[in-house]
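1. Fold the stuff below for me.
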Amino acid sequence: MEEIISPEKILHLSLNIKGTIFENVFSKMEFLGAYEYIMEQFQNLMIPTLSVSITPNNFYSSRYRDEKDQRRLKNVAPRGPQHDEFMGKFYSLVKKFPPISSFETNCIDIMTDIDISNAIRQSGKKVIVLSGFTTDSEIMINSSLLHYNGFIPVVISDATSTFSERMFFTALEFISLSGEVIDSRDLMKIWGY
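-> Next up, the predicted model:
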C-alpha cells in the first residue's frame, strides 16, 4: 500500500461535497476529522484536488423520484445537539481547502463526462484517491469505473459517508473488490504524520 499511495502518484477527487448531503450523513464528526486531515496533507504534499458535483439526470417522474429519495433517507440518524456546530465546521473546511478545479455533471459515471475524464487523464496520475459523498452510490460506482478505466482507486473510508451505517460498510466491502480502502489513521502512519 505504501507504494500505491506515494504522494507524487496521487490525484484526489472530492465528490459531492455539499451541505445538503452532509447534514444527513451518519458519521459527521468522523468525516470532519478525516477530511480536514487529508486536505491539510494533500495541500502540504501538493496533491491536486478536483471537486466534482454530481446531480444525475432524472428520467423518472417526480413522484417516483420522491418515493426513492424517501426510501433512501428513511435510515437517516436523528439530528443531535451538535448539528449546527458540525454544519459550521463543514462549511469552514470547504472554504479553507478550495480545489484546483471544480466540475458539475449530470453523469453519475464521471468518466463519461468528457471534461472530467480529460482532467483526470491529463493529470498523468494513476492513483485516484476518493473522498466525499455518498459511499454507497457515487463513491462506490466511480471507484469501480475508475478501476475499469485503468486507474487505481483508493477510498479514504472515514473521509466519506452516507445516510446509513449499514450501507456504508456494505459499500466499502464492494469497493475493496476493485480498489483499495484505507482510513485516515492508517494513511497518517504510512506518511509519518
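
2. Low-confidence bits of the protein, can you list those?
-> Where the chain drops to pLDDT under 70, the residues are 59, 193.

3. The helix ranked longest in it: which residues count as buried?
-> Ordering each helix of the chain by length in residues (DSSP state H) puts helix 28-44 first. Neighbour-count burial for helix 28-44, with 16 or more other C-beta atoms under 10 Å as criterion, is recorded at 28, 30-39, 41-42. C-beta here means a position set from N, CA and C on the backbone, and glycine is covered the same way.

4. Over to stretch 141-155?
-> 141, 142, 143, 144, 145, 146, 147, 151, 152, 153, 154, 155.

5. And stretch 81-88, by the same measure?
-> residue 86.

6. Determine the longest strand present in this protein.
-> Taking DSSP state E as the criterion, the chain has its longest strand at strand 152-161.

7. Kindly calculate the angle that it makes with helix 28-44.
-> Orientation check (axes from the mean of the first three to the mean of the last three C-alpha atoms, to 10 degrees): strand 152-161 against helix 28-44 gives 140 degrees.

8. Note down every partner strand of strand 152-161 and its orientation.
-> Here strand 152-161 is paired, per DSSP bridges, with strand 127-133 (parallel), strand 180-182 (parallel).

9. hey, where'd the strands end up in the chain?
-> 10-15, 49-54, 101-105, 127-133, 152-161, 180-182.

10. sorry, back to before: adding distance to residue 65 as columns, could you present the strands paired with strand 152-161 in CSV?
-> Shown next, in CSV, are these (distance: least, C-beta to C-beta, whole Å):
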stretch, distance to residue 65
strand 127-133, 18
strand 180-182, 30
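
11. Need the winner for burial among these.
-> Of all those, strand 127-133 carries the top mean neighbour count, a mean of 25, counting by mean count of other C-beta atoms under 10 Å.

12. For residue 179, which residues are in contact?
-> Contact partners of residue 179, counting by C-beta atoms under 8 Å, 6 or more residues apart in numbering, are 143, 144, 146, 147, 152, 153, 154, 155.

13. again, 10 Å this time
-> 128, 130, 139-140, 142-144, 146-147, 151-155 (C-beta atoms under 10 Å, 6 or more residues apart in numbering).

14. Reformat the residues you listed as a markdown table; add distance to residue 113.
-> As requested, the contacts of residue 179 are exported to a markdown table (distance: C-beta to C-beta, whole Å):
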| residue | distance to residue 113 |
| --- | --- |
| 128 | 15 |
| 130 | 16 |
| 139 | 16 |
| 140 | 18 |
| 142 | 11 |
| 143 | 16 |
| 144 | 16 |
| 146 | 13 |
| 147 | 18 |
| 151 | 15 |
| 152 | 20 |
| 153 | 17 |
| 154 | 21 |
| 155 | 20 |
